[in-house]
Every structure is written in structure tokens, then in C-alpha cells.
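[1] Provided below for reference: sequence and predicted model.
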Amino acid sequence: MTTGLPQEMIISILSRLPVKSVLRFRCVCKTWCELFKTPNFIQMHLNRSTENNYFSFMLTTHDKTYSLGLDEYDESSLTELFDKAFEIDYPFKASRRGVRIEAFCDGLFCLEIRHYDSQSTLLCLWNPCSREYKKIPTPLIEYPSNLTPMQKETLRMGIDFHHKYSYGFAYDHSIKDYKLVRIVHLSEHSEVNVYIVGLNAWHSIPSIPYSYIYAQPSGVLVNGALHWTATKNTSDSNFLIAFQVESEKFDEVPLPQAEYVNHISLCVSGGCLSVLAHYPKSYTDIWVMKEYGAKESWTKLVSITQQTVLDSYFLAPIHFFQNGVILLDQNYHKGLLSYDPKHENDITDFGYKPKIVPYVGSLVSLNSGAYVVQELSEEAIEQKKKHKRENKRKHS
């Protein structure tokens, strides 16, 4: 395509557009279509989307997924925000299965898809923006050698029924590929498997001495490491553990204060590791680690004293908006709260129950050649039309 602008300027402009616009522009010319597939452009676009806060929310119920672009709305009108989410199809939905988000990174999601009428599951990776997906093999569990076949089957069913898995997803810059980490919680330790996307293969690493690792819903990626809170059978305390993506080694990270031994959850705030420490009816503190790995760098961001929050038996931060508002998951997806630290009495209870994950849409490809065919319900189609009409009025 011939233009009067230098090629570098065209690339710079295109890399600043929302992912939906870039995907539409693939049909402009062959040159642009090929450009959008190059690793350099994909990374440049992802970096700038993150810098420009082109965040979206992925919302999941038992068998449906919804998307909501935050860049299109005023953060101050959160009450109206969730009514504008629209349904999107996920892989294998036509097989009448349930869906669960296990991990996410760079606009890619790891989904566990389950039959309604059985315990059988499959794992797949999915880019909801491009609709590309990749079914991945499920690793086998290495059971203790002294178990009988019946004991192994009983243990497997218990692991599946109670969902004793934790996942994490991250990019390994040393091999230029994505890694999916799966941790299986056994009685006294946890088994760890790592999947490399480009190789389409799993490998095991030494087990770790933690009896349970809390998923929320995915390991939190900061400073090249995936983080979870974990417990040991030998202690009542929680530990903050980090999986180094490149070396595949585990470390422990210090918590902000000794009394924060229970009821903690993790998030990212401004690129820093963040901890929410919550003890029902007592305190809710949010801390940020300003210098990664340095215990003395933990800084208290906010203390929440509102009874609406304190009465919750579980809280986890979902997203920190640029205007300071904090979105919180209440009681394991039983409710959704927003809290404005600038106005301590400003608590909004949305009564909204789907699981919510913030993400930045991307052009990252799985190189699978498999795509979800969009088969929306009449209700979803009408919802999308309404959404487009409202956007048109807003920008006219």
C-alpha cells in the first residue's frame, strides 16, 4: 500500500491502535496483514496497549464467557459498566461443556473445559481477540508408587472434584516461548509440571514441600516470576512463593508483616507485587512491594475500615484503576465491590457474581491454525447491536 508517510511512522501509528482495530485492518492490504504477524510488531503493540491501559475484562459464568473493553468507558461510571459486557464464544462450547479460566498472560487464556455430565476435562489455550485456540495435552499425575490402582483412581477423582490444581502462565524470554505451569496438590507436597507452547510438550520438575497453593485464579506474574500463596502441613502460616520462569526454581518471598499469616491474596499494582491482607471483622490492608524481593520495601497502600468490606470472609483485588478505585472479589465470586480510597465511604456492591479477570488484548499467535467459529445466541447478537448503537451515539 502506497502512502506519503514513512514506513516507520505508519508502524508506530498502527502499533498504538486497539487490538480490534488492528485485526480489522488486516484486510486493507497484504503488507499490513503480514506486518501484523511479525514478532516485533506483536510485541510493540502489546507493550503500547499495556502502557495506554487498553484493558478489558473477561467474565465467566459456569458455561458462558463475556468480554468488556474498559478503554471505551469512563472509569467513574462503573455501575453502568458491567451491563455493557457482551457474550463471546469459547472453544468447544458447542459440546455443551462448562468453562473455567485457569491462567492468563499477554492476552492468552488457559481454559479448563468440562463436560456437564462427567468429570472429563480438556485444557486449551485461547486468544479471544483473534479467536485462535490450541488444544493441549493433559499431563499425567505421578502417584506415589505404593498406591493400588483403586487408590490412585480414588485420589484422581478427589483431585478433580475438589479442583486441587493451581496454574500460572508466563513468557520465558530466554527461549522466546510461553510456559504454562500446573501444580497438583497432593497430601504432603505438590507436583509441578511445565508445558512449553512451541514444543507442545510437558515436563516435570522436582516436587515442592507445600500441601496447598491458592489459585486466584492464576499465578501472579511480577519480575519474571509467578507468585502464589501456599501452606505447609507443618505450619499454620501462609507462605508467599515465587516460581522463576526461566530457571524453573521456587523461592519464598517475604510478607509485609509477621501477623499476615492467613487470609492473603495477590495482585499487581503499577507493575509491583501487591498483597491484600484480610482478617474478617478486623482489618483489610493492601500493601505494595516497591523493590522486588526487599521486605523493607513493602508499603501500605490503603487500610479499608468499611464494615461492608470487613464482614467479608474472603477478599481478593481484581484491578486497580488509574483513578485509584480498587475492584474487589468478595467471598469467592459471590459478589463484586469497588472501593475508592479517596472517599472512604464510597463502597459500591454490584451484586455481580461471574469470575472476572482483567487482561490486555493482543495479537499473540498460538500458531495452531484453529479458530473459534462465532455462533452467538439471538440475545447476544442483539446485545452487540445495542452496544454498537450506544458507542455510535457516544462518539457522534
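    Ah, there it is.
[2] Where does the residue nearest the centre of the chain fall, secondary structure wise?
    Centroid check for the chain by CA atoms, centre = their mean gives residue 104 as the closest residue, at 4.0 Å. Residue 104 belongs to strand 97-105 when assigned by DSSP states H and E.
[3] hmm, back to that, does the residue nearest to the centre of the chain touch residue 220 like I think?
    No. Residue 104 is beyond contact range of residue 220, at 10.9 Å (criterion: CB atoms under 8 Å). For the C-beta atoms, the positions are set from N, CA and C on the backbone; glycine is no exception.
[4] and the residue nearest to the centre of the chain, what are its bridge partners?
    Residue 104 has these beta-bridge partners by DSSP bridges: residue 109.
[5] Repeat that for residue 134.
    Per DSSP bridges, the residues bridged to residue 134 are residue 125.
[6] ok so, going back, elements contacting the strand holding residue 104?
    Other elements packing on strand 97-105 under the criterion 3 or more CB pairs under 8 Å, 6 or more residues apart in numbering; DSSP states H and E are strand 55-60, strand 108-115, strand 165-172, strand 177-185, strand 355-360.
[7] Which strands border the fourth one, and is each parallel or antiparallel?
    Neighbouring strands of strand 177-185 in its sheet, by DSSP bridges, are strand 165-172 (antiparallel), strand 190-196 (antiparallel).
[8] right, so of these, which gets closest to residue 288?
    In terms of CB to CB, the element of the strands paired with strand 177-185 nearest to residue 288 is strand 165-172, at 20.4 Å.
[9] Okay, buried residues for the helix or strand hosting residue 9 please.
    Secondary structure assignment for residue 9, by DSSP H and E: helix 7-14. For helix 7-14, a neighbour-count test (16 or more other CB atoms under 10 Å) marks 11, 14 as buried.
[10] Who are the packing partners of that helix?
    helix 30-35, helix 39-51.
[11] if we go to 6 Å?
    If contacts are counted by 3 or more CB pairs under 6 Å, 6 or more residues apart in numbering; DSSP states H and E, helix 7-14 sits against no helix or strand.
[12] quick one, that helix and helix 39-51 angle?
    Interaxial angle, helix 7-14 versus helix 39-51 (axes from the mean of the first three to the mean of the last three CA atoms, to 10 degrees): 40 degrees.
[13] Just the mean pLDDT for helix 7-14, thanks.
    Helix 7-14 shows a mean pLDDT of 91.
[14] for stretch 338-357, same thing?
    Across stretch 338-357, the average pLDDT comes to 71.
[15] before we move on, back to that, can you add distance to residue 85 and mean neighbour count and give the helices and strands packed on strand 97-105 back as a markdown table?
    Shown next, in a markdown table, are the helices and strands packed on strand 97-105 (distance: least, CB to CB, whole Å; neighbours: other CB atoms under 10 Å):
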| stretch | distance to residue 85 | mean neighbour count |
| --- | --- | --- |
| strand 55-60 | 6 | 22 |
| strand 108-115 | 16 | 22 |
| strand 165-172 | 23 | 22 |
| strand 177-185 | 26 | 21 |
| strand 355-360 | 10 | 20 |
